[in-house]
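> Pasting the sequence and the predicted model now:
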There are 2 protein chains.
Amino acid sequence: MDRIDRELLNLLQRDASRTNAYMADEVGLSPSSCLRRIRRLRQAGVIDRIVAILNPAKAGRRLRAVVTVELRLHGEPNTRQFLDLAAREEAVTQAHAVTGEVDAILMLRLRDMEEYDALCHRLFQNRTNVARYWTMMVIRTAKDETAIPLE
Amino acid sequence: MDRIDRELLNLLQRDASRTNAYMADEVGLSPSSCLRRIRRLRQAGVIDRIVAILNPAKAGRRLRAVVTVELRLHGEPNTRQFLDLAAREEAVTQAHAVTGEVDAILMLRLRDMEEYDALCHRLFQNRTNVARYWTMMVIRTAKDETAIPLE
DNA sequence: GCATCTTTGCAATTTTATTGCATGCTGGAC
DNA sequence: GTCCAGCATGCAATAAAATTGCAAAGATGC
């Protein structure tokens, strides 16, 4: 993982649709060397995957929300069980166990409030292990970056 | 945006590194038709970009945190100012204005607690418009999906 | 039902990725 | 400092993939 690898990763994190020749030129390598480095980074698992990022507005998922969740029964197996339940939901894009006043935090992508309502019923009502939850609807997003900063 | 477009988008959201011929076969189209659809989806902005998703652990950003922020002065211009400040930070991967008990929420990717400490000083200390903030360190991530669910 | 505009598949062409191989560089042992 | 082993590199050839023109099929509006 030298300087060139980091440059390549940064390029790929911004736009992975460019040709190998372009990126080779960008980092000052021959196409073959560049390709072999990228392949190595993939096989080593540094690059997890290459994906298309959609425009949420044009894909019909306009609403975004963050939900913090306090569980009734805390501790590992209970938290895990709740997270697994949440992870199965399409609208849940991220599900984390966290430190602090709450036990878990969910990021949602919703079509409308109807979907939110239905989701709440499935995840937070009676039978589940949820004591309380707080929903924050996203008003405006100033930054939304998939790239991980490399030193 | 018919069934085939949605299938293509779903394929691309999971793995955009496959060949056009493979995806054409997957959705039952000829390579040329498939390519033209994908190009159209890109030009229409439905596909925003194609990016590499790195493995955070192997890229040296092991810590993840969610920070909720209550501002001293609420309202549009103040919120915007804070978000813009936060967005300029490398470690901030997401910055949202939200409804609820707090005004903003930040998602962080950190190398270590030292970086967290430095970030807090820059974003939350004295001169800034922050009244209080609550940090939730991510213990475990059960789901972390970039794909947007398409009906 | 007809004319028009769009999408499709095929085949040819162009571009891009991939590989073998010889060379050069790097770091460690002595 | 010198030698050696192990990699990374660039070049050129090859294989694979993307891209385009064109004619036919399909959808849309009147």
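Looks like it came in fine. Residues are numbered from 1 along each chain as shown, chains lettered A, B, ... in the order given.
> In chain A, which residue sits furthest out from the middle?
In terms of distance from the mean C-alpha position of chain A, A:Ser30 ranks first, at 33.4 Å (Cα atoms, centre = their mean).
> I'd assumed A:Ala104 was in contact with A:Thr79.
Yes - here A:Thr79 reaches A:Ala104: they are 6.6 Å apart, a contact under Cβ atoms under 8 Å. Every residue, glycine included, has its C-beta placed from N, CA and C.
> just to revisit the earlier point, from A:Ile4, how far off is the residue farthest from the centre of chain A?
The spacing between A:Ser30 and A:Ile4, counted by Cβ to Cβ, to the nearest Å, is 12 Å.
> ok, now A:Ala147?
18 Å.
> ok, these two, which is more surrounded?
A:Ala147 (18 against 14; other Cβ atoms under 10 Å in any protein chain shown).
> nearest residue to that one other than its sequence neighbours?
A:Gln13 (3.8 Å; Cβ to Cβ, 6 or more residues apart in numbering or on different chains).
> For that neighbour, give me its contacts.
Counting by Cβ atoms under 8 Å, 6 or more residues apart in numbering or on different chains, A:Gln13 touches A:Thr146, A:Ala147, A:Ile148, B:Val51, B:Ala52, B:Leu54.
> Work out for me the element it sits within.
Using DSSP states H and E, A:Gln13 maps to helix A:3-14.
> next one: A:Arg49
Judged by DSSP H and E, A:Arg49 forms part of strand A:47-54.
> model confidence over that strand, on average?
Averaged over strand A:47-54, pLDDT sits at 97.
> Adjacent strands (with direction) for that strand?
Using DSSP bridges, the strands paired with strand A:47-54 are strand B:47-54 (antiparallel).
> tell me the angle of the strand it pairs with relative to helix A:3-14?
Taking axes from the mean of the first three to the mean of the last three Cα atoms, to 10 degrees, one finds strand B:47-54 and helix A:3-14 inclined to each other by 140 degrees.
> And stretch A:36-45, how far out from the chain middle?
How far stretch A:36-45 lies from its chain's middle: 22 Å, per Cα atoms, centre = their mean, to the nearest Å.
> which of the residues in it are buried?
Buried positions in stretch A:36-45, judged by neighbour count with 16 or more other Cβ atoms under 10 Å in any protein chain shown: A:Arg37, A:Ile38, A:Leu41, A:Arg42.
> How about stretch A:49-68?
Under the neighbour-count criterion of 16+ other Cβ under 10 Å, stretch A:49-68 has A:49-54, A:56, A:58-61, A:63-68 buried.
> Get me the contact residues on chain A for DNA strand C.
A:Thr19, A:Asn20, A:Ala21, A:Pro31, A:Ser32, A:Leu35, A:Arg36, A:Arg39 (Cβ under 7 Å from any atom of the strand).
> Let's see that with 6 Å instead.
Neighbours of DNA strand C within chain A, by Cβ under 6 Å from any atom of the strand: A:Thr19, A:Asn20, A:Ala21, A:Pro31, A:Ser32, A:Leu35.
> Is it correct that A:Asn20 is in contact with A:Leu35?
Yes - A:Asn20 lies in contact with A:Leu35 (Cβ under 8 Å); the separation is 5.1 Å.
> Spatially, what comes nearest to A:Glu145 if we skip its sequence neighbours?
Nearest residue to A:Glu145 in three dimensions, chain neighbours excluded: B:Thr93, at 4.9 Å (Cβ to Cβ, 6+ apart).
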